[in-house]
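> Any chance you can model this:
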Amino acid sequence: MTNQLLLILININLSVMTVADTDFNPTYKPLDIPLTPKTAKRCFTLAKEIADKDNGKLWNHRLDAPILIVDYRARKIVANQGDSEGRLTPAGKAYTGKLPATENLGATVTTWSGTRWVMVPWPAPKDDTELRHILAHEMFHYIDLAPQAVSCNHLDELNARMLIFMEWRALAAALDTESTNRKEAITDALVFRNKRYSLYPNARIAECAAEMNEGLAEYTGVRLAGGNPNEIVDLAGRNLTWSYDWSSLVNSFAYVSGPLYGLILDRLEPDWRESLAPDSDLGAILAKAVDIQLPSPIDASKIAEKYGWDKLYAREKGLDHQRQARYLSYTEKFIAGPTIRIPVCEANFQFDPREVRVFPGHGQVYRQMRITDEWGILEVNRNGVLVSEDWTSLTISAPADIGKQKRISGNGWILQLSPGWKIVWLSSAENYKIERIEE
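Here you go, the predicted model:
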C-alpha cells in the first residue's frame with residue numbers, strides 16, 4: 001500500500017456492513033426471535049467452539065474475541081463479557097446494554113466503551129454454518145494480521161470485470177476434485193490475473209491488499225464454518241455463483257478470490273500461510289507452488305473460450321452501458337448541483353461493499369451509507385453519497401429548502417448536525433457546505 005493511501009486512512013474507520021444478508025446470500029434466513037442473554041448464548045458457544053477447534057492452527061493465533069451482539073432495530077446489546085468503561089450491566093453470564101446512535105452497526109470489528117469487539121448483528125442466521133461463517137470471518141479481523149484494504153476502482157471497468165470472472169472460473173476448475181489437469185487450470189487463472197495487471201498498472205497493489213484483508217478473512221470464515229472438505233468447497237463456490245449478481249466488485253471481489261486461492265493452496269502447499277506478508281500476492285504464491293512460468297507477452301484470448309467468454313461478455317457489455325448512463329446521472333446529481341459538501345474529520349463509515357459505484361475522476365458513490373463524525377450523523381438510504389477520491393469530503397444532493405434546523409432531510413438521506421456545526425450557503429454556486437461555528 002502506498003504511503004498516500006495510508007495517510008488517507010489514518011482518521012477513517014471503515015466499518016463494513018454485514019455481508020450475511022438476503023442480497024449477498026440468497027439462502028440466508030434470520031432468526032425471528034428477540035435478542036436476550038438466552039438467545040445470544042448460541043453465538044457465544046459457537047464462537048468458543050471455533051476458537052477451541054482451530055486452537056491457533058490457521059494463523060498461529062487463537063481466535064478468541066469479545067462478542068458484542070447488537071439488535072439492528074432497538075440497538076439492544078448482549079455481550080459475552082463486560083466493557084472497560086462499565087456501560088454494560090451483568091445479566092447472569094452475559095452483559096446487556098444499548099448501543100448509542102453515534103455508533104455504527106454491522107458484522108465488523110469495532111472499539112466501543114474502551115473495549116475492542118467482534119460485533120454481530122441481530123437477528124442472527126438460523127443456520128449454524130452461516131453463523132460460524134460470520135463469526136470466523138470477523139474473528140480473523142479481530143486478531144488484526146492484515147493490512148487495511150483499499151478500493152479497487154478498476155474492477156468497475158468492463159475488461160477488468162471480464163478478466164476477474166475468467167480468473168475465478170479457472171480457479172473453480174482447479175479446485176474441482178474431478179479436474180484432470182489442475183495445473184493447466186491454475187495456469188489459465190494466472191494468465192487472466194496477470195493480463196489484468198498489465199492493463200491496470202495499480203491493480204496488483206490494490207487487489208493484493210484487499211485479498212490479504214477481506215480475502216483471508218473470508219477464507220477463514222469458509223475454512224472454519226464448513227464441517228467437511230466438500231462443504232468447505234461448496235461454501236467457497238457459493239460466493240462465485242452469487243457474484244454475477246453483485247452490481248459492483250470494487251469492494252467485494254476478495255470474498256471470492258480469497259477462499260478460492262486459499263483452498264487450492266491448502267492442497268498444494270499446506271504451509272503457505274506461514275510466509276505471508278502484508279504485500280503478499282496469492283497468485284505469485286500459487287505460481288511458485290506449482291512451478292508455473294507464465295508466457296510473455298500474455299495473450300488471454302487463446303484460452304478465454306474455455307471459460308465462456310462470449311456469453312459472459314454479452315451480459316457484461318449490457319451492464320457497461322448502464323454504468324455509462326449512471327456516470328451522466330452522477331454528474332447531474334453531484335457536480336452540477338445544487339449540493340451539500342461535508343468534510344471528513346474523524347469519520348466512521350458503515351456501508352455495504354456491494355453498493356459502491358465508481359465515479360471516474362471524482363471518487364466513489366455509496367448508494368447506502370451511514371457516517372458518524374464530529375459534525376453529526378448522515379444516513380443515506382438510496383440516493384447515494386459521493387466520497388471524494390482522497391476521502392476528505394462527502395457530497396450529497398441538496399433539497400430545495402435547507403432552512404436552519406439541525407435535522408435536515410433530502411432525497412434519500414437524513415442529516416443530523418451536532419452542536420457547534422452549521423450549513424453555509426455558497427452563493428456563487430448555489431451550493432452549500434457544512435462548517436464549524438466559530439466561537
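> Name the residues of the helix or strand harbouring Phe165 that come out as buried.
Element membership for Phe165 (DSSP states H and E) is helix 158-175. By neighbour count, and taking 16 or more other CB atoms under 10 Å as the criterion, the buried residues in helix 158-175 are 159-175. The C-beta positions use only the backbone N, C-alpha and C, and glycine is treated the same way.
> for stretch 78-91, same thing?
Neighbour-count burial for stretch 78-91, with 16+ other CB under 10 Å as criterion, is recorded at Val78, Ala79, Asn80, Gly82, Asp83, Arg87, Leu88.
> end-to-end on it?
Stretch 78-91 stretches 9 Å from its first residue to its last (CA to CA, to the nearest Å).
> same question for that stretch, mean pLDDT?
The average pLDDT for stretch 78-91 rounds to 98.
> residues contacting Ile50?
For Ile50, the contact set (CB atoms under 8 Å, 6 or more residues apart in numbering) comprises Leu63, Arg132, Leu135, Ala136, Met139, Leu224.
> Just read off the phi/psi values of it.
Dihedral pair for Ile50: phi -60, psi -50, per degrees, to the nearest 10.
> What is the burial count for the residue lying closest to Ile298 once chain neighbours are set aside?
Computed as CB to CB, 6 or more residues apart in numbering, the closest residue to Ile298 that is not its neighbour in sequence is Lys195, at 4.8 Å. Summarising burial for Lys195: neighbours were counted as other CB atoms under 10 Å, giving 21.
> Can you read off the pLDDT for Lys195?
Among the per-residue scores, Lys195 holds a pLDDT of 96.
> likewise Leu163?
According to the per-residue confidence, Leu163 scores 98 in pLDDT.
> Ile423 too?
At Ile423 the predicted local confidence, pLDDT, stands at 91.
> so who does it touch?
Residues Ile340, Ile402, Lys404, Ile408, Leu417, Tyr432, Lys433, Ile434 are the ones in contact with Ile423 under the rule CB under 8 Å, 6+ apart.
> In strands, which of those residues appear?
Among the contacts of Ile423, the members falling in strands (DSSP state E) are Ile340, Ile408, Leu417, Tyr432, Lys433, Ile434.
> partners of the fourth one in the sheet?
With DSSP bridges as the criterion, the beta-bridge partners of Tyr432 are Ile340, Trp425.
> can I assume it is in contact with Pro399?
No. Under the contact definition of CB atoms under 8 Å, Tyr432 does not touch Pro399, with a separation of 10.0 Å.
> Just list what the strand ranked longest in the chain packs against, helices and strands only.
The strand spanning the most residues in the chain, taking DSSP E as the definition, is strand 115-122. Here strand 115-122 touches helix 37-54, strand 67-71, strand 108-112, helix 128-143, going by 3 or more CB pairs under 8 Å, 6 or more residues apart in numbering; DSSP states H and E.
> List the buried residues in the third one.
Under the neighbour-count criterion of 16+ other CB under 10 Å, strand 108-112 has Thr108, Val109, Thr110, Trp112 buried.
> repeat for the first one
Neighbour-count burial for helix 37-54, counted by 16+ other CB under 10 Å, picks out Pro37, Thr39, Ala40, Cys43, Phe44, Leu46, Ala47, Ile50, Ala51, Asp54.
> Could you do the last one as well?
Neighbour-count burial for helix 128-143, with 16+ other CB under 10 Å as criterion, is recorded at 130-143.
> Show me what it is packed against.
Contact partners of helix 128-143 among helices and strands, from 3+ CB pairs under 8 Å, 6+ apart: helix 37-54, strand 108-112, strand 115-122, helix 216-225, helix 229-243.
> closest to Asp291 out of those?
Ranking these by their distance to Asp291 (criterion: CB to CB) puts helix 216-225 first, at 23.0 Å.
> and that closest one with strand 108-112, angle?
110 degrees (axes from the mean of the first three to the mean of the last three CA atoms, to 10 degrees).
> and the angle for helix 216-225 with helix 229-243?
Angle, helix 216-225 to helix 229-243, by the same axes, to 10 degrees: 140 degrees.
> can you list the weak-confidence ranges in the protein?
Along the chain, segments meeting pLDDT under 70 span 1-27, 147, 149, 428-429, 439.
> Could you rerun that using 80?
Counting by pLDDT under 80, the chain contains low-confidence residues at 1-28, 145-151, 177-180, 337, 354, 382, 400-401, 403-405, 427-430, 439.
> Tell me which residue is most central in it.
In the chain, the C-alpha nearest the mean C-alpha coordinate belongs to Pro353, at 4.4 Å (CA atoms, centre = their mean).
> Nearest residue to it in space, ignoring adjacent ones along the chain?
Nearest residue to Pro353, sequence neighbours excluded (CB to CB, 6+ apart): Asn251, at 3.7 Å.
> Counting neighbours, what do you get for the one you found?
Other residues close to Asn251 by other CB under 10 Å number 26.
> pretty sure it is in a helix, no?
No. Under the criterion used here (DSSP: H, G, I helix; E, B strand; the rest coil), Asn251 is coil, not part of a helix.
> Run the chain-centre distance for the helix holding Phe165.
A distance of 20 Å separates the centroid of the chain from that of helix 158-175, by CA atoms, centre = their mean, to the nearest Å.
> The residue nearest to Glu231 when sequence neighbours are not counted and Asp64: what is the separation?
Nearest non-adjacent residue to Glu231, counting by CB to CB, 6+ apart: Thr129, 7.4 Å away. When CB to CB, to the nearest Å is the yardstick, Thr129 and Asp64 sit 21 Å from each other.
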